[in-house]
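Undergrad: please work out how this folds:
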Amino acid sequence: MKVLLTGFEPFEQEPINPSWEAVRALDGWRLEGGVVHARRISCVFATALRELDAAIDELQPQLVLAIGQAGGRSEITPERVAINIDDGRICDNAGCQPIDVPVVAGAPAAYFSSLPIKAMVRDLRAAGIPAAVSNTAGTFVCNHLFFGLMHRIATRPVTAMRGGFIHIPYLPEQVARLPGQPSMALETVVAGLRIAISTALSVREDVRESGGQLH
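TA: Purely as a prediction, here's the structure:
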C-alpha cells in the first residue's frame, strides 16, 4: 500500500516549515501495510492542488495525509472538516490573497476527513504525545489543499483512497524568535506522524466524522 505524505514549503518569512521537515524525514519509511512517499507542496493557492493532483496521479496511493503548520497550537491536531472557502489572512507565496472565494465553485460547503481522527488522537495520547481533534483547518492554503483532496476523493473514486489533514505546532527553533508561542520537537512530531499513519492503515471501520459531505 502506498501512503502519500505531503508537507508545505516555508511561508510568511519563516526559514523552515515544520510540516515539510517532518514529512521528508519519513520519506521511504516502510511499515507493516505500506510505504511512505513524501512530497513538498507550494504554499500557493493556484499551485498547491495541481501539485497534489500530480502526486496522486503518479503514485495512485491508498492513503493521503497532508500535513501543515499551525502556529500557536501545542498539540498534533487531526482536522475533522475542510470548508469550501479561501479567505487569506495574509498573501500566499505568490502574493495572492483571495477573500471569500470558493475552493471549488459549485462543490459542497464542506467535507469531513476520511481518516480515523479520534483513533489517531487516542493512540497519540497513549504514546505520551499531545494531540486533539481540531474542528477548523482555517481558510488559508492548508484548508484549500484539504478541501481539494476531499473533493477529489468524493468525485473521482477511481481507487479506494482515503485522506485527510493534520496540523502540527511550530518547531523550537521557530519559537526562539516568537516568545511565548508553544512548540514541539521535530523528533516528537515525526514519532507522532508514524503513529497517525499506522493508525490510519490499521483502523478500517467507518467513523462518525468520516466520509461525508456537508451542504
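Undergrad: show me which helix or strand of this protein is least confident by mean pLDDT.
TA: Least confident helix or strand, the chain: strand 213-214 with a mean of 54, by mean pLDDT, DSSP states H and E.
Undergrad: list the buried ones in the helix ranked longest in the chain?
TA: In the chain, taking DSSP state H as the definition, the longest helix is helix 186-202. The neighbour-count check on helix 186-202 (16 or more other CB atoms under 10 Å) flags 186, 188-201 as buried. Using the backbone N, CA and C atoms, a C-beta is placed for each residue, glycine as well.
Undergrad: and stretch 149-156, what's buried?
TA: With burial defined by 16+ other CB under 10 Å, the residues of stretch 149-156 counted as buried are 149-153.
Undergrad: closest to Asp86 out of these?
TA: Closest approach between the buried residues of stretch 149-156 and Asp86, by CB to CB: His151, at 13.2 Å.
Undergrad: measure Asn84 to Ala131 for me?
TA: According to CB to CB, to the nearest Å, Asn84 and Ala131 sit 26 Å apart.
Undergrad: spatially nearest residue to Ala38 (excluding sequence neighbours)?
TA: Distances taken as CB to CB, 6 or more residues apart in numbering put Asp27 closest to Ala38, at 3.6 Å, once the chain neighbours are dropped.
Undergrad: now do the same for the one you found: its pLDDT.
TA: According to the prediction, Asp27 has pLDDT 98.
Undergrad: quick check: it touching Val35?
TA: No - between Asp27 and Val35 there is no contact under CB atoms under 8 Å: 9.7 Å.
Undergrad: all strands for the protein, in order.
TA: 2-8, 30-31, 34-41, 63-69, 77-78, 81-83, 110-112, 162-168, 213-214 (DSSP state E).
Undergrad: among those, which is nearest Trp20?
TA: strand 2-8 (3.6 Å).
Undergrad: ok now the closest one, how far from the chain's centre?
TA: 9 Å (CA atoms, centre = their mean, to the nearest Å).
Undergrad: residues in contact with Pro174?
TA: For residue 174 the amino acid is Gln, not Pro. 14, 16, 18, 71, 181, 183 (CB atoms under 8 Å, 6 or more residues apart in numbering).
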